[in-house]
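K.L.:
Here is my input, please return the structure:
(one chain, ligands or ions: 2)
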Amino acid sequence: MAVNFRGRSLLTLLDLSRDDVRYLLDVSHLLKAERTAFQVQQRFRGKTLAMLFEKRSTRTRCAFETAFGEEGGHPVFLSSSDIQLGAKESIEDTARVLGRMFDAIMFRGFSQETVEILDEYAGVPVYNGLTDMFHPTQVLADLMTMEEQFGQLAGLDFVYAGDGRNNMANSLMVGCALMGVNCTILAPDSLYPKSELVDTVKQIAYDSGSTLNITSSREEAIPGADVVYTDVWVSMGEEEKSGERMQLLSPYRVDGDMMGMTENPGTVFMHCLPAVKGNEVTAGVIEGPASVVWDEAENRKHTIKALMAASLL
Ligand code: CP
Ligand code: NVA
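P.N.:
Ligands and ions are numbered 1, 2, ... in the order given. All right, here's what the predicted structure looks like:
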């Protein structure tokens, strides 16, 4: 089906259809091939992007900034210590002002509500570069990387091990369900995803012919996995939970033993990064032959460029 993404925002993958994701991934593969052949254009010439950051970032900031800049656009980095967002000026007013000056806005921060308000008031596309609840642009890169590894998405068996209620688990569940990937969230039961989101995602999975399974059993989750994915045990903004998380999540560390339990020689290891080696993943696994984390990081740039091209051109 033809997809017209022009003018659209990306706040959560729940707003996308399977065709939307397919379209964004197709454009991502094209743009990666182009860039690999040194064929960068000037697609964003004369355009401006506001980049609002309440939290730190390496990959997301650099992906947006370099993807926009190398195509001739002008990205402007604004941390929360630079602008009035939510401090002296309401989010609504900030959105209205930025919407008059910029062609698009990306936001990284705490509340999902902030990115929703920005979208409601800005009048230009708004991209969620991570909130406490969702990290949709990361999952576009993850799906692209899986497609590069396996040639297809539908029917793959994907396991996420770790904090099952953080932004990555939430977004990966949705992305997998949309694209027909069987997803298992392996987590202690106190860190299971919210049941309301699970119910919504189960319906999406049903529609795509895939499954969503939530379990605390490694023996149930891991055998046969094509992808083992993990994320930090303590997300940005939750630092005070560090001690509790170490205790809860140690049994879910991705180590050689867990990778061996897949009994699948083709299993790949993925991580959105940054990684705390020795916590959620051992150095042996992330540095080992199954790891595709550097491709995954690079693909942030291609998928983010594709998203901006689809919505701005
Ligand atoms: N994966 C990711 O979003 O990395 P950053 O926090 O460095 O942007
Ligand atoms: N769950 C992590 C993801 C970082 C990309 C965090 O929010 O800190």
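K.L.:
The closest residue to Cys272 other than its chain neighbours and Gly151, how far apart?
P.N.:
Nearest in space to Cys272, with sequence neighbours left out and distances taken as Cβ to Cβ, 6 or more residues apart in numbering, is Gln138 at 5.0 Å. The way it works is simple: take the backbone N, C-alpha and C, and place the C-beta from them, glycine included. Applying Cβ to Cβ, to the nearest Å, the value for Gln138 to Gly151 is 22 Å.
K.L.:
For Leu197, give its distance to ligand 2.
P.N.:
15 Å (Cβ to the nearest ligand atom, to the nearest Å).
K.L.:
again with Met259
P.N.:
In terms of Cβ to the nearest ligand atom, Met259 sits 21 Å off from ligand 2.
K.L.:
Please apply the same query to Gln247.
P.N.:
Taking Cβ to the nearest ligand atom, one finds Gln247 at 18 Å from ligand 2.
K.L.:
repeat for Leu312
P.N.:
Distance from Leu312 to ligand 2, by Cβ to the nearest ligand atom: 24 Å.
K.L.:
Number of residues surrounding that residue?
P.N.:
Using other Cβ atoms under 10 Å, Leu312 is surrounded by 21 other residues.
K.L.:
shouldn't it be in contact with Ala104?
P.N.:
Yes. The pair Leu312 / Ala104 is scored as a contact, 6.0 Å apart, by Cβ atoms under 8 Å.
K.L.:
residues shared between the contacts of these two?
P.N.:
Residues touching both Leu312 and Ala104 (Cβ atoms under 8 Å, 6 or more residues apart in numbering): Lys47, Pro125.
K.L.:
show me what contacts the closest residue to Thr94 other than its chain neighbours?
P.N.:
Nearest non-adjacent residue to Thr94, counting by Cβ to Cβ, 6+ apart: Leu85, 4.9 Å away. Leu85 is in contact with Leu52, Glu54, Leu78, Ile91, Thr94, Thr114, counting by Cβ under 8 Å, 6+ apart.
K.L.:
hmm, 10 Å instead?
P.N.:
Contacts here follow Cβ atoms under 10 Å, 6 or more residues apart in numbering; on that basis Leu85 touches 52-54, 78-79, 91, 93-95, 98, 107, 109, 114, 118.
K.L.:
Please produce a PyMOL select command covering the buried subset of those.
P.N.:
One line in PyMOL is enough to select the buried ones among the contacts of Leu85; burial here means 16 or more other Cβ atoms under 10 Å:
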select buried, resi 52+53+54+78+79+91+94+95+98+107+109+114+118
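K.L.:
between the contacts of Leu85, which is closest to ligand 1?
P.N.:
Distance ranking of these against ligand 1, using Cβ to the nearest ligand atom, places Phe53 first at 9.4 Å.
K.L.:
hey, what's the closest one bridged with?
P.N.:
Ser79, Arg108 (DSSP bridges).
K.L.:
Quick check, it in contact with Asp82.
P.N.:
Yes. If you go by Cβ atoms under 10 Å, Phe53 and Asp82 touch, sitting 9.0 Å apart.
K.L.:
buried sites along stretch 54-72?
P.N.:
54-55, 57, 59-61, 63-65, 67-68, 70-71.
K.L.:
Go back to these and keep what's next to ligand 1.
P.N.:
Cross-checking these against ligand 1 (Cβ under 6 Å from any ligand atom) gives Ser57, Arg59, Thr60 as the overlapping residues.
K.L.:
can you give me the strands in this protein?
P.N.:
In the chain, the segments counted as strands under DSSP state E are 48-53, 74-79, 104-108, 126-128, 157-161, 182-186, 212-215, 227-230, 268-271.
K.L.:
what residues does the second one touch?
P.N.:
Outside of strand 74-79, the residues within contact range by Cβ under 10 Å, 6+ apart are 44-57, 61, 64-69, 82, 85, 94, 98, 101-108, 308.
K.L.:
With the last one instead?
P.N.:
Residues outside strand 268-271 that contact it (Cβ under 10 Å, 6+ apart): 141-142, 145-146, 148-150, 158, 160, 162, 168, 172, 225-232, 254, 258-259, 277, 280-281, 285-286, 288-293, 295-297.
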